[in-house]
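*Asks:* give me coordinates for this.
(chains A and B, ligands or ions: 1)
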Amino acid sequence: MPRTLIALVEDKPGVLNRVTSLFRRRNFNIASLNVGRTEKPDVSRMTMLLDSNDADARLVEANLYKLVNVIDVQDVTNQPSVRRDLALIKVKASPEQRAEVVNLTSIFRANVVDVAPESVIVEITGTEDKVESLVELLRPLGIMEMVRTGQVAMVRGNGSGIRYTPGANGNGHEENKKPIKS
Amino acid sequence: MQKSGAEILWECLVREGVDTVFGLPGGSVMPIYDVMLNYPVRHVLVKHEQGAAHMADGYARASGKVGVAMATSGPGATNLVTGIATAMLDSSPIVCITGQVPAHLVGGDAFQEVDMTGITLPITKHNFLVTRADEIAQVVREAFYIARSGRPGPVLIDFCKNAQVEMTEFEYPDEIALPGYKPPMRAPREDLQRAVELIEEAERPVILAGHGVLMSDALEELKIFAVKTQTPVAMTLLGLGAMPASDSLSLNMMGMHGEAPCNLAIQNADLLLAFGMRFDDRVTGNLRKYAPTAHKIHIEIDPSEVHKNVHVDAALSGDLKTVLTDLIPMLDEYDHDEWLAQIGEWRRESEDRDILFWPEDGQLYTAKVIHDLWEATGGDSILATGVGQHQMWAAQYYKFEQPHRLITSGGAGTMGFGLPSAIGAWFAHPDREIWLIDGDGSFQMTQAELATAANEGANVKIALMNNNFLGMVRQWQEFFFDSRYAGTPLNNPDFVKIAEAHNIPARLVTQPAEVVPAIEYARQITGPVLLEFRVEKEDAVYPMVATGAALDEMIRRPDRRSKAVGV
Ligand SMILES: Cc1ncc(C[n+]2csc(CCOP(=O)(O)OP(=O)(O)O)c2C)c(N)n1
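*Replies:* Presented below is the predicted three-dimensional model:
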């Protein structure tokens, strides 16, 4: 099963580069990566989907946490959470086919957001599975173009996810207490 | 008060306790060099920036403080790269300050512009690009804190020239602003409890002591732990000195060229206690056959090292000294007499094969020369090395009783590390005896720093083991490539003359009887001195664990003592 990790990072130049460089350097396989703003002006949030087992996910988490600009990392795979992916799909649709597209779209509670003589753009938001299903249904009509944001996730309720990376929750952290050797 | 970015840099360096900087100037750092003269800092002019990084590293390893290297933009900065990677792989705290073209030119391929933060991203613990004067104070503060805390490592500050000359209000930052940087200190109680259970059950435990023991200053705790639980202590190359070599519980070095009793103990153990080490491939041998019967406990400050190479049964992430301090009172006293007796037997068998007991045959052997050096210096010298056979013999035959004595490139295995790191160590401890044991190949990589040693009067004694080969590679060719010596024979210059050209006294040693007098001669001299030992060309380091072999499948040195006495 793909793992979902959320990282809060400082919103500074080059931070995305540090994260992706880490994936390359350590040979981690990332299925999708989404970066965006958060409720705090100086913090960005990344959601990553990994094709990996538990052990690898733990290593990704620990390595991410090691980056100085990464504030927090959470593996929310097993947390009750809301997960959403957004896709824009441009489908071939002559005036006669339009009704079929609109039909499928409404079953999925997706929207047609642009209509041109020979094509329409469908916007769908939902879990990866849901997006996947609509894409498969539209495929026979002819998908001309598609873009997906990659999954974003948020833990339900008050929980903010379990953090088991030692140190990630400030576990036993004592600032600068260790004397510097003379 | 208004100050320039360059002045603020020095203000902050001085406040960090920096008294020595290793570097070489150029266009992009001229404002920094110009105001340097106003500050109480000694600048050591190197001959190549790689030397500056290694000197800063040697300084850091010998002193426990942060070492500082400085270089101009472009080629000056890229010359630091090998030194930075070397420091990274050995968790050595250095701060490198490089000049950068003015901020408005960054990205435009200006003269001597190289993307240093990009290049050093994977080989620094962290790096900074400073484009404005008002950033530098905070950045220096954070750079030093990051370099020395947690798992230490190199930090690079790329300092744009405009920011060096801009004037700004100088205020020393009281606080560091690193919301994402919290190295772990304490391990959770449940993890400690799990470790206690494993220790209680163990009958054949072995401690694996790494560099972390030294970095965390956990020597006392290690000793108490080992004695209380009667657990023998194996050390990694960088962990040597964590436990005195003469201690009855010390197993000395583990790994590819580790001592046989040590490797046998690890493979036969039922519990490994890894203290501040990372199960590098050079210490584990074939991972699939590594310590097959042992439970494993890993105490390590860097959580990304846990379960990376070896899956462990208990992981205690935290500062080693703190974790051991918490753990020791939870333990009872144990005896492992049978286990220690078994190890004693392996030791005796091993001694029979020791080259020290070979009959005298008129040849110089590096191992024997190092043994003589160890005796002559009372085992208390700081010892820097290059990389290769001589390095392994130094680790085996210079018996370290104290920590922070061996200065060697472990993780990177950087030839050329020896001479500059020895010079750096001398700046940390000008009053101590410092020896460099180097190979003819390694030495020539940074030989230019002989001039630095001469200029600075660095009291570094150089023991150059000249075997006219890139010896370690030659050994692999002999063992695994049918003795086809491709690219390994060295056609060397006259090293004595090279030393003398630098006004450095030197002596050539070719006979066993000359070894001790030559060492004594060098010890009488204050300042750099070079001894060239013409050693056996085709000697090999034993034991050796070949690639793919398990740690106990060692190629052993032939037993010549028994043969000589007709046993
Ligand atoms: C910079 C660098 N280049 C190449 C190597 C590969 N290498 C490892 S040991 C060695 C031979 C070292 O020869 P020398 O310094 O003469 O020491 P010896 O093994 O003969 O004692 C080489 C080439 C290395 N470790 N570092």
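*Asks:* my read: B:Thr72 touches B:Leu24, true?
*Replies:* Yes: B:Thr72 is within contact range of B:Leu24, at 7.3 Å (criterion: Cβ atoms under 8 Å). Bear in mind the C-beta positions are built from the backbone N, C-alpha and C, glycine included.
*Asks:* show me how far stretch B:80-99 is from its chain's centre.
*Replies:* Counting by Cα atoms, centre = their mean, to the nearest Å, stretch B:80-99 is centred 12 Å from the centre of its parent chain.
*Asks:* tell me where the model's unsure across the stretch 451-567 of chain B.
*Replies:* Flagging of the stretch 451-567 of chain B using pLDDT under 70 yields the residue ranges B:560-567.
*Asks:* can you tell me the closest non-neighbouring residue to the residue in it that the ligand sits nearest to?
*Replies:* Closest approach of the stretch 451-567 of chain B to the ligand (Cβ to the nearest ligand atom) occurs at B:Gly471, with a separation of 2.3 Å. Using Cβ to Cβ, 6 or more residues apart in numbering or on different chains and skipping the chain neighbours, the partner closest in space to B:Gly471 is B:Gln389 (4.2 Å).
*Asks:* tell me how far that neighbour lies from B:Ser442.
*Replies:* The span separating B:Gln389 from B:Ser442 equals 10 Å under the rule Cβ to Cβ, to the nearest Å.
*Asks:* residues from chain B in reach of chain A?
*Replies:* Chain B comes close to chain A at residues B:63-65, B:117-118, B:121-122, B:125-126, B:129, B:145-146, B:148-149, B:176, B:178-188, B:217, B:302-304, B:306-308, B:311, B:315, B:317-319, B:322, as judged by Cβ under 8 Å from any Cβ of the partner chain.
*Asks:* buried ones among those residues?
*Replies:* Among these, the ones that count as buried by 16 or more other Cβ atoms under 10 Å in any protein chain shown are B:63-65, B:117, B:121, B:125-126, B:129, B:145-146, B:148-149, B:176, B:178-187, B:217, B:302-304, B:306-308, B:315, B:317-319, B:322.
*Asks:* where in chain A is pLDDT low?
*Replies:* Along chain A, the parts satisfying pLDDT under 70 run over A:159-182.
*Asks:* show me the contacts for the residue of it found nearest the ligand.
*Replies:* Taking Cβ to the nearest ligand atom, the ligand has its nearest neighbour within chain A at A:Arg25, 20.9 Å off. For A:Arg25, the contact set (Cβ atoms under 8 Å, 6 or more residues apart in numbering or on different chains) comprises B:Pro122.
*Asks:* mind telling me what element it is part of?
*Replies:* helix A:15-26 (DSSP states H and E).
*Asks:* for that helix, buried residues please.
*Replies:* By 16+ other Cβ under 10 Å, the buried positions in helix A:15-26 come out as A:15-16, A:18-19, A:22-23.
*Asks:* same deal with stretch A:115-130?
*Replies:* Of the residues in stretch A:115-130, A:119-122, A:124, A:126, A:128, A:130 count as buried by neighbour count, 16+ other Cβ under 10 Å.
*Asks:* contact partners for the residue nearest to A:Arg83 when sequence neighbours are not counted?
*Replies:* The shortest distance from A:Arg83 to any non-neighbouring residue, by Cβ to Cβ, 6+ apart, is to A:Ala153 (4.6 Å). Contact analysis of A:Ala153 by Cβ under 8 Å, 6+ apart lists A:4, A:6, A:47, A:76, A:81-84.
*Asks:* and the helices in chain A?
*Replies:* Ranges of helices within chain A are A:15-26, A:54-66, A:98-107, A:128-138, based on DSSP state H.
*Asks:* got it, and the stretch 301-450 of chain B?
*Replies:* If DSSP state H, counting those that start in this stretch is used as the criterion, the helices of the stretch 301-450 of chain B fall at B:320-327, B:337-351, B:366-376, B:389-397, B:418-428, B:440-445, B:449-456.
*Asks:* how about the strands in chain A?
*Replies:* For chain A, the strands defined by DSSP state E cover A:3-10, A:30-37, A:43-50, A:70-75, A:81-92, A:111-115, A:119-126, A:143-148, A:152-155.
*Asks:* surely B:Arg523 is in a helix?
*Replies:* Yes: B:Arg523 forms part of a helix when assessed by DSSP: H, G, I helix; E, B strand; the rest coil.
*Asks:* what's B:Gly276 sitting at in phi/psi?
*Replies:* In this entry, B:Gly276 is assigned phi and psi values of phi 60, psi 50 (degrees, to the nearest 10).
*Asks:* ok, now how distant is it from B:Met256?
*Replies:* B:Gly276 sits 20 Å away from B:Met256 when distances are taken as Cβ to Cβ.
*Asks:* between these two, tell me which one has more neighbours.
*Replies:* Neighbours per residue (other Cβ atoms under 10 Å in any protein chain shown) separate B:Gly276 from B:Met256, with B:Gly276 holding more: 32 against 23.
*Asks:* isn't that one up against B:Gly212?
*Replies:* Yes: counting by Cβ under 8 Å, a contact exists between B:Gly276 and B:Gly212, whose distance comes to 1.5 Å.
*Asks:* where does pLDDT dip in chain B?
*Replies:* Counting by pLDDT under 70, chain B contains low-confidence residues at B:560-567.
*Asks:* I'd like the helices of chain A laid out as CSV, including distance to B:Glu16.
*Replies:* As requested, the helices of chain A are arranged in CSV below (distance: least, Cβ to Cβ, whole Å):
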stretch, distance to B:Glu16
helix A:15-26, 24
helix A:54-66, 23
helix A:98-107, 62
helix A:128-138, 49
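*Asks:* still on that earlier bit, which one of B:Gln389 and B:Ser442 has more residues nearby?
*Replies:* Applying other Cβ under 10 Å to B:Gln389 and B:Ser442 shows that B:Ser442 carries more neighbours, namely 29 against 25.
*Asks:* and residue 74, how many neighbours?
*Replies:* You didn't pick a chain, so chain A it is. Using other Cβ under 10 Å, A:Gln74 has 24 other residues around it.
*Asks:* nope, chain B please
*Replies:* For B:Gly74, the neighbour count with other Cβ under 10 Å is 21.
*Asks:* which residue packs closest to it, ignoring adjacent ones?
*Replies:* Taking Cβ to Cβ, 6+ apart, and ignoring the residues beside it in sequence, B:Gly74 has B:Gln112 as its nearest neighbour in space, at 3.2 Å.
*Asks:* count of neighbours near the one you found?
*Replies:* That count, for B:Gln112 with other Cβ under 10 Å as the rule, works out to 16.
*Asks:* just the CA trace of stretch B:211-228, in PDB.
*Replies:* Listed next in PDB are the C-alpha coordinates belonging to stretch B:211-228 (Å, rounded to 0.1, in the frame of the first residue of the first chain):
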ATOM      1  CA  HIS B 211      33.000   7.600  16.700                       C
ATOM      2  CA  GLY B 212      29.900   8.600  18.600                       C
ATOM      3  CA  VAL B 213      31.500   7.600  21.900                       C
ATOM      4  CA  LEU B 214      34.200  10.200  21.300                       C
ATOM      5  CA  MET B 215      31.800  12.800  19.900                       C
ATOM      6  CA  SER B 216      29.400  12.500  22.700                       C
ATOM      7  CA  ASP B 217      32.200  12.300  25.300                       C
ATOM      8  CA  ALA B 218      30.700   9.100  26.600                       C
ATOM      9  CA  LEU B 219      34.000   7.400  27.500                       C
ATOM     10  CA  GLU B 220      33.400   7.200  31.200                       C
ATOM     11  CA  GLU B 221      29.900   5.800  30.600                       C
ATOM     12  CA  LEU B 222      31.200   3.300  28.200                       C
ATOM     13  CA  LYS B 223      33.800   2.100  30.700                       C
ATOM     14  CA  ILE B 224      31.200   1.800  33.500                       C
ATOM     15  CA  PHE B 225      28.800  -0.100  31.200                       C
ATOM     16  CA  ALA B 226      31.500  -2.500  30.000                       C
ATOM     17  CA  VAL B 227      32.800  -3.200  33.500                       C
ATOM     18  CA  LYS B 228      29.400  -3.500  35.100                       C
END
